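Engineer: Would you be able to build a 3D model of this:
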Amino acid sequence: MRKAHVMPYKSSDRRAITGLGLLFGAMYFVQGIGEPTEGLVGQPVKSFLKTNGYSAAEITSFSALLALPWAIKPLYGLLTDFVPLFGLRRRSYLLLATVATTAGLLGLFATFTPGISRASLLAALLIPSIGIAFSDVVIDALMVENGQRHGATGRFQSIQWAALYGAAILAGPIGGYLAAHKRQEFGFLICGIAAGVSLILTWVFVRERPMPSERRGARAAWLTLRQAAATPGLAAVAGFLFLWNFNPFANDVLYLHLTEGIGLDEEFYGWTVSLMGVASVAASIAYGVYCNRVPFGVLLHLSIAFGVISTACYGFVVGPKTAVAVTLLVGFTYMTAVLIQLDLAARACPPEVAGTAFALLMSVTNISLSMAIAFGGNLYDRWTASWDAQTAFRMLVALGTAFSIGCWAFVPFLRRHVASIESSQAANPAE
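Structural biologist: Numbering: from 1, shown residues only. Model prediction:
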């Protein structure tokens, strides 16, 4: 299978990695601004639903449904791996996805009214959610292909996520301001413009040689998906990712607890999102420095330990000062753990089915997150009614911590895979 590439290069690996890193970073920065569930419009949309009287269970179910396009990423991977569009596997799909995202967000800006129903808002946001999820698969496929070629998956991941959370530094206070002043429509406008920037970046910088006019049928795609799923170590990686990401108090419940249970205002919450971004950028930069210097087995244990820390410490949030301290700690520990997992997933993927295999692992992560959000919202409502909001939240934190600790059960199953990763790391030492 012929691999797509980004802007042909004839210089050294170091220069190629720099150029690719800049492109991937720029695309992830735009995604961090425009993604509907956690980007700039994430808080304004939750605030809109809360103001209109929807319960925690209804808000979390809204977010879970909005995240569904991220759960079917293997479908996008199969398309971009096996069904060339206009003779191209990557560029054409990336252009199509960014056009859909831009049109969907700008269209919502033009039609949004304070009286819009939850169902209508969900339907409108699903278009850009699908577009961003699809473009994420294509960018990740390019990252895996080029990262494995240059032994730089860890570096590319650190660049991408530093850019994503760099966007969060800007999106947090802006989203908080828009939520506080009930100007959700301007969030859709800003995100639509950001999506338009990603369209321009794709058009100008993503280059790919046309595929031969061979036909790749559904049978070939299915066989490849089976091949990806049967890759040694991939099932253990998938199980590990599912359990680690099943955190029932994350995202929506956390937002509702901090703004209603503790009483933080919308703008202050927006600033905590920005602080999370600062700490996450620091973690991403640090990981890019040491990812190829520390044995991967050590990093794997570190990801679990940091997962436990980043979950358990939310039980100590009681006011603005503790919210700031915990946010900074969680930003660094959580991001470090996520980067290790993403690096593990990227190294586990067969390069010939990079888009499908990586998307398969990421869909496991997204399914786990969506299930946890809906599950946590229902428990939060029930336990708040039975006891109080603080007790309900702390019980969810304890439950999330237990799931994180359970990840150590997968370590024996990952040992052989970790050994192969370290062999690959030795063959591609850090420069």
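Engineer: Run a quick neighbour tally on the nearest residue to Ser310 once chain neighbours are set aside.
Structural biologist: Of all residues not flanking Ser310 in the chain, Tyr334 sits nearest, at 4.0 Å (C-beta to C-beta, 6 or more residues apart in numbering). All C-beta atoms are positioned from the backbone trio N, CA, C, and that covers glycine. Look at Tyr334: counted by other C-beta atoms under 10 Å, it has 22 neighbours.
Engineer: as a whole number, average confidence for the helix or strand Tyr334 falls within?
Structural biologist: For Tyr334, the element it lies in under DSSP states H and E is helix 320-348. The average pLDDT for helix 320-348 rounds to 89.
Engineer: What helices and strands are in contact with that helix?
Structural biologist: helix 118-150, helix 153-180, helix 234-245, helix 266-290, helix 296-312, helix 354-386, helix 411-427 (3 or more C-beta pairs under 8 Å, 6 or more residues apart in numbering; DSSP states H and E).
Engineer: quick one: the fifth one to helix 234-245, angle?
Structural biologist: Per axes from the mean of the first three to the mean of the last three C-alpha atoms, to 10 degrees, the angle that helix 296-312 makes with helix 234-245 is 30 degrees.
Engineer: State the three-state secondary structure for Glu208.
Structural biologist: coil (DSSP: H, G, I helix; E, B strand; the rest coil).
Engineer: May I have the predicted confidence score for it?
Structural biologist: Value for Glu208, per-residue pLDDT: 78.
Engineer: doesn't Phe86 make contact with it?
Structural biologist: No: the pair Glu208 and Phe86 does not pass the contact test of C-beta atoms under 8 Å, sitting 10.5 Å apart.
Engineer: neighbour-wise, which of these two wins?
Structural biologist: Legend: neighbour count by other C-beta under 10 Å for Glu208 and Phe86, higher for Glu208 (21 against 11).
Engineer: For Met27, see how far away that one is.
Structural biologist: 15 Å (C-beta to C-beta, to the nearest Å).
Engineer: now swap in Pro114 and tell me
Structural biologist: The spacing between Pro114 and Met27, counted by C-beta to C-beta, is 33 Å.
Engineer: These two: which has the busier surroundings?
Structural biologist: Ranked by neighbour count (other C-beta under 10 Å), Pro114 and Met27 place Met27 first, with 27 against 10.
Engineer: check contacts around the more buried one.
Structural biologist: Ser135, Ile139, Gln160, Ser198, Leu201, Thr202 (C-beta atoms under 8 Å, 6 or more residues apart in numbering).
Engineer: That one should be in a helix, yeah?
Structural biologist: Yes: assigned with three-state DSSP, Met27 falls within a helix.
Engineer: pLDDT score for it?
Structural biologist: 86.
Engineer: Check Gly315 too.
Structural biologist: So Gly315 comes in at 88 (pLDDT).
Engineer: Tell me how many other residues crowd the residue nearest to it when sequence neighbours are not counted.
Structural biologist: Spatial nearest neighbour of Gly315, chain neighbours left out: Val397 (4.4 Å); criterion: C-beta to C-beta, 6+ apart. Val397 is flanked by 23 other residues according to other C-beta under 10 Å.
Engineer: Start the count at 58 instead of 1 going forward.
Structural biologist: In the new numbering, first residue 58, that becomes Val454.
Engineer: got the contact list for Val454?
Structural biologist: Val454 touches Phe306, Thr368, Ala369, Tyr371, Gly372, counting by C-beta under 8 Å, 6+ apart.
Engineer: most neighbours, which of the residues you listed?
Structural biologist: The most crowded member of the contacts of Val454, judged by other C-beta under 10 Å, is Phe306 (28 neighbours).
Engineer: phi, psi of the residue nearest to that residue when sequence neighbours are not counted?
Structural biologist: Nearest residue to Phe306, sequence neighbours excluded (C-beta to C-beta, 6+ apart): Leu453, at 3.8 Å. Dihedral pair for Leu453: phi -70, psi -40, per degrees, to the nearest 10.
Engineer: now swap in Leu145 and tell me
Structural biologist: Here is the backbone geometry of Leu145 (degrees, to the nearest 10): phi -120, psi 140.
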